[in-house]
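**Q** what follows is a predicted structure for the sequence shown.
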Amino acid sequence: MIVGEALGLLGLGVAAGVVSTVVSLASVVSYPALLAFGLPPLTANVTNTVALVFTGIGAAAGSRPELAGEGRRVLALGPVAALGGATGAFLLLVTPARTFELIAPWLIAMASLLLVRPPSGRPHGEHGVLGRVALFAVTIYVGYFGAAGGILVFAVLTAMLDRSAVKLNAMKNVMAGLANAVAALGFAIFGPVDWGAALPLAAGFLVGGWAGPKIARRMPGHSLRYLAAACGLAVAIKLGWDSYAR
């Protein structure tokens, strides 16, 4: 990879890392860019997932104020997210993508509408079986492809936990990061990762992931939820058009 391409991927990674931690749309930015750089779809997907690990690392570092006191919840819910990510990675490597392409727009649209709904004040709690099953299901999608997958995780955590949007966003970054990390490990061993593209993209993701929480915590009130919901609906419409208009 020439220097210009590497610098382009670095800058792209910074932008996508910020977008990921604020509105959970990194893959919507970075995946098409990897395709534009000439990577085949499967290679672009697994390369993007490997690089996204560094968004999670940067986001965790940048979200330390929001994550203070949440260690017990991370330890309780983290294995569920990790298992979901591993399952998604396995499915990507052994099944055709068409099924997920057809389901993804509906999942993202429903999650986005849930974010628009005013909080009920009656969270299901992190110990509820339904919430853990939902978290497992959405992190399967994160490990499989993940376009707007963070919005699905955000919506599930909103239903599970009675926390501010900024705290939930920080938890979302950690859960999605764990799912990505486990999926990335499988892809690094068994998948066609383009390391020349993954390394500069990962460096940019690290910087963008660290900067994103600083932006998110300055957003007033429920604006973070509404912005994520609006972006999610836009992605759902785009993915739905691409999937069903064939």
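**A** Arrived safely. Residues are numbered from 1 along each chain as shown.

**Q** lowest-pLDDT helix or strand in this structure?
**A** Across the helices and strands of the chain, mean pLDDT, DSSP states H and E gives its lowest value to helix 98-116, namely a mean of 75.

**Q** got the buried residues for it?
**A** For helix 98-116, the neighbour count (16 or more other Cβ atoms under 10 Å) marks 100, 101, 104, 105, 107, 108, 109, 111, 112, 114, 115 as buried. Bear in mind the C-beta positions are built from the backbone N, C-alpha and C, glycine included.

**Q** how about it as PDB, C-alpha atoms only?
**A** Extracted C-alpha coordinates of helix 98-116, given in PDB (Å, rounded to 0.1, in the frame of the first residue of the first chain):
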ATOM      1  CA  ARG A  98     -27.900 -12.700   1.900                       C
ATOM      2  CA  THR A  99     -30.000 -13.600   5.000                       C
ATOM      3  CA  PHE A 100     -28.400 -11.000   7.200                       C
ATOM      4  CA  GLU A 101     -28.600  -8.500   4.300                       C
ATOM      5  CA  LEU A 102     -32.400  -9.000   4.300                       C
ATOM      6  CA  ILE A 103     -32.900  -8.900   8.100                       C
ATOM      7  CA  ALA A 104     -30.500  -6.000   9.000                       C
ATOM      8  CA  PRO A 105     -32.600  -3.100   7.700                       C
ATOM      9  CA  TRP A 106     -35.600  -4.200   9.900                       C
ATOM     10  CA  LEU A 107     -33.400  -4.700  13.000                       C
ATOM     11  CA  ILE A 108     -31.800  -1.300  12.600                       C
ATOM     12  CA  ALA A 109     -35.100   0.500  12.000                       C
ATOM     13  CA  MET A 110     -36.800  -1.100  15.000                       C
ATOM     14  CA  ALA A 111     -33.800  -0.300  17.300                       C
ATOM     15  CA  SER A 112     -33.800   3.300  16.000                       C
ATOM     16  CA  LEU A 113     -37.500   3.700  16.800                       C
ATOM     17  CA  LEU A 114     -37.000   2.300  20.300                       C
ATOM     18  CA  LEU A 115     -34.400   5.100  20.800                       C
ATOM     19  CA  VAL A 116     -36.900   7.700  19.900                       C
END
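
**Q** list the contacts for the residue nearest to residue 13 when sequence neighbours are not counted?
**A** Closest residue to residue 13 apart from its sequence neighbours, by Cβ to Cβ, 6 or more residues apart in numbering: residue 204 at 2.0 Å. Residue 204 sits next to 9, 10, 11, 12, 13, 14, 15, 16, 17 when contact means Cβ atoms under 8 Å, 6 or more residues apart in numbering.

**Q** swap in residue 15?
**A** 29, 204, 208 are the contacts of residue 15 under Cβ under 8 Å, 6+ apart.

**Q** ok, residue 163 next?
**A** With contact set as Cβ under 8 Å, 6+ apart, residue 163 has these partners: 157, 171.
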